[in-house]
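> pasted the sequence and its predicted model underneath.
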Amino acid sequence: MRLRLLLLALGTFAMGTDSMVMAGILDRIARDTGVSVASAGQLVTVFALGYALLAPVLATLTARWDRRRLLLTALAVFTAANVLSALAPNYPFLLATRVLAAAGAALYTPTANAVATTLVPPERRGRAIATVLGGMTVATALGVPVGAYLGRTDWRWTMWLVVALGAAALLGLAALLRGLPAPAMAPGLRERLAPLHDRRVAGAAATTFVFFLAFQAVYIYLATADRPATGGDQDRLSLILLVNGVASVAGSWLGGRAVDRAGVRTVLLLAGGLTTLALTALPWLSRSLPGALAYAAIAPVAGWAMSVALPHRLASIDPPNAALLISINSSALYLGTAAGGGTGSLAIALLGERWFPLAAAALGALAVLIAAATTRPTAAAAQPAATTTQPAAAVTPPAPRAR
C-alpha cells in the first residue's frame, strides 16, 4: 500500500519539478530564445492557466475511464510534452509544449489524489493526500535545485531531467499499480461548477486564488528578487532554491498536523499572516545571501502549510461532494499561479526589481482578510479532526477526478 502511494507521489514529484524549476532557469531560457525575462516568465503562466482551464474539461471527458489507464495516459502526455520542450527550436514552440505538459498534469494530479484515498482506511485518507502532495514539496527540495544546477549552462538539460522523472513514474505505475476501483459516476461540467453558487465555496476559492497570486508573483521571479544576494551566480541561486525546497517539505508536513490539532481557520490565518510578513521583508532580506536564505527558510513553511489547509477547508464544506470541491480549489490555485506570472512581471515594471515583492505582500494580506471573513472560528476550532477525515472520505466514491 505504502509503495503504491509513493509511486503516485513520484508522478507529482516529476510534475512539481517541471512547474517550479522554471524559477531557476528563466534567465537562460530568455537569453537562448531571445526574449525578456518577463516574457520567459509567461511559460509558467501558460502552464498554470492551461492546467486551470483544462482540468475540469478533461475531468469531464475522462470521468468514466479506468483510473490506471488515465494515470498512465496522463504521464505519457506529460513526458512527451517535455521531450518537445527540450527540443523546442524557438519561444512560441516552447510555449505550446507548456500547454501540452499542463494537459498531462491536469489529468494526472487530481486523479492521483483521488486514487490515493482509495488505497487506505478512512482515518488515514488525509495523510494519503498529503503523501501524494508531498511529491510536489519534495520536488521543491530536490528536483528544483538539481534542475537549476543542471540548467546553469543549458536549460534544455533541465527539461531532460523532467523527462527522465516522468518516464520513471510511468514505468513504475505501469508495473505496480493494479486493482484500482472503477469510477462510480461521471458528473458533467455544469455539475462540477455548481458548488460555486455556495458563498462558502466561493470564499474558499477566492482565498486560494488570491493567496497563490501573491505567493507565485514572487516565487516565479525569485531569481530576480534575490539577484543582489546571488550576484547572478547560479550556485548561490541553487542553494537558495535548495533551502526553499527543504522548507516547503517541512511546511507541508507541519501544515497537515497543524490542521489536525488547531483547525483549518487557525492555520489559514497564521500561515497567511507569516507569508505576508516574509514577502514584506524580502526587499531588505534580499540584500544579502543570509537574508535571502532566511526568506527561503520561512516563506515556504508558511506557504505550504497554507496549501494543505486550503483543500481541507473546501472539502469539509460538503463532504459528499468533496471531490468536486477539491477540483475547484485546484483550478483556483492554478489560476492564481497563472495570474502570478503576469502580476509579478507588472510589479517589476512598476516598482522595480527590489520593491516588487511589496505588491505580493499586499495581495497576501488581502488573502488573509478573505479567509478571516469567510471562515467560522468556532467550527474550525471545535472539529479539527473532522477536517482531516472528511475530505478523504468524500474524495473516494463520487468522482475520482479530484480537481
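Now that the structure is in, tell me what you want to look at. For clarity, every value in this text was computed on a predicted model and none was experimentally measured.

> show me the shaky parts of this structure.
Scanning the chain for pLDDT under 70 picks out the ranges 1, 117, 120, 122-130, 179-196, 315, 318-324, 327, 378-403.

> for the longest helix seen in it, packing partners?
When the chain is parsed with DSSP state H, its longest helix is helix 322-355. Secondary-structure packing of helix 322-355 (3 or more CB pairs under 8 Å, 6 or more residues apart in numbering; DSSP states H and E): helix 37-61, helix 91-118, helix 189-193, helix 199-219, helix 222-225, helix 289-317, helix 357-374, helix 384-395. No exception for glycine: its C-beta is placed from N, CA and C like everyone else's.

> so which of those helices gets nearest residue 275?
Residue 275 lies closest to helix 289-317 among the helices and strands packed on helix 322-355, at 4.3 Å (CB to CB).

> let me have the helices and strands packed on helix 322-355 in CSV, extended by mean neighbour count and distance to residue 255.
Compiled in CSV, the helices and strands packed on helix 322-355 are given as follows (neighbours: other CB atoms under 10 Å; distance: least, CB to CB, whole Å):
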stretch, mean neighbour count, distance to residue 255
helix 37-61, 22, 21
helix 91-118, 24, 16
helix 189-193, 15, 26
helix 199-219, 24, 13
helix 222-225, 24, 21
helix 289-317, 24, 3
helix 357-374, 21, 14
helix 384-395, 22, 12
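
> of all the ones you listed, which one is nearest residue 279?
That would be helix 357-374 among the helices and strands packed on helix 322-355, by CB to CB, at 3.9 Å.

> now do that closest one: distance to the chain's middle.
Per CA atoms, centre = their mean, to the nearest Å, the displacement of helix 357-374 from the mean C-alpha position of its chain is 18 Å.

> and that helix with helix 289-317, angle?
30 degrees (axes from the mean of the first three to the mean of the last three CA atoms, to 10 degrees).

> what sits up against helix 357-374?
199-200, 203-204, 206-207, 210-211, 213-215, 217-218, 225, 265, 268-269, 272-273, 275-276, 279-280, 282-283, 343-344, 347, 350-351 (CB atoms under 8 Å, 6 or more residues apart in numbering).

> can you dump the C-alpha atoms of it in CSV for me?
Provided in CSV are the C-alpha atoms of helix 357-374 (Å, rounded to 0.1, in the frame of the first residue of the first chain):
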residue,chain,number,x,y,z
PRO,A,357,7.5,41.9,-3.5
LEU,A,358,5.6,44.6,-1.7
ALA,A,359,2.8,44.2,-4.3
ALA,A,360,2.7,40.5,-3.4
ALA,A,361,2.6,41.3,0.3
ALA,A,362,-0.5,43.5,-0.2
LEU,A,363,-2.2,40.6,-2.0
GLY,A,364,-1.1,38.2,0.8
ALA,A,365,-2.8,40.5,3.3
LEU,A,366,-5.9,40.5,1.2
ALA,A,367,-6.0,36.7,1.2
VAL,A,368,-5.8,36.6,5.0
LEU,A,369,-8.7,39.1,5.2
ILE,A,370,-10.8,37.0,2.9
ALA,A,371,-10.0,33.9,4.9
ALA,A,372,-10.9,35.7,8.2
ALA,A,373,-14.2,36.9,6.7
THR,A,374,-15.3,33.7,5.2
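
> let the chain start at 3 from now.
With 3 as the first residue, the last one maps to helix 359-376.

> could you check how far the nearest residue to residue 249 once chain neighbours are set aside is from residue 55?
Nearest residue to residue 249, sequence neighbours excluded (CB to CB, 6 or more residues apart in numbering): residue 302, at 4.0 Å. Relative to residue 55, residue 302 is positioned 27 Å away (CB to CB, to the nearest Å).

> check the burial of residue 6 by counting its neighbours.
19 (other CB atoms under 10 Å).

> residue 33 now?
For residue 33, the count of nearby residues is 12 (other CB under 10 Å).

> show me what the helix or strand hosting it is in contact with.
Assigned by DSSP states H and E, residue 33 falls within helix 24-35. By CB under 8 Å, 6+ apart, the surrounding residues in contact with helix 24-35 are 37-39, 41-43, 45-46, 49, 92-93, 96, 146-147, 149-150, 153-154, 156-157, 160, 221-225, 234, 236, 239-240, 243.

> residue 174: which of the helices and strands packed on helix 324-357 is closest?
That would be helix 93-120 among those, by CB to CB, at 12.5 Å.

> just want the angle from the closest one to helix 24-35.
160 degrees.

> against which helices or strands is helix 93-120 packed?
helix 4-22, helix 24-35, helix 39-63, helix 69-88, helix 127-140, helix 324-357, helix 386-397.

> and those helices as TSV, adding distance to residue 108?
TSV is the format used below for the helices and strands packed on helix 93-120 (distance: least, CB to CB, whole Å):
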stretch	distance to residue 108
helix 4-22	10
helix 24-35	17
helix 39-63	4
helix 69-88	8
helix 127-140	14
helix 324-357	8
helix 386-397	17
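
> to residue 116, which of the ones you listed lies closest?
Judging the helices and strands packed on helix 93-120 by CB to CB, what sits closest to residue 116 is helix 386-397, at 5.2 Å.

> for residue 37, give me phi and psi.
Residue 37 adopts backbone torsions of phi -120, psi 170, taken as degrees, to the nearest 10.

> residue 64 now?
phi -110, psi 10.

> neighbours of it, how many?
20.

> you'd agree it is up against residue 108?
No - here residue 64 does not reach residue 108: they are 10.3 Å apart, not a contact under CB atoms under 8 Å.
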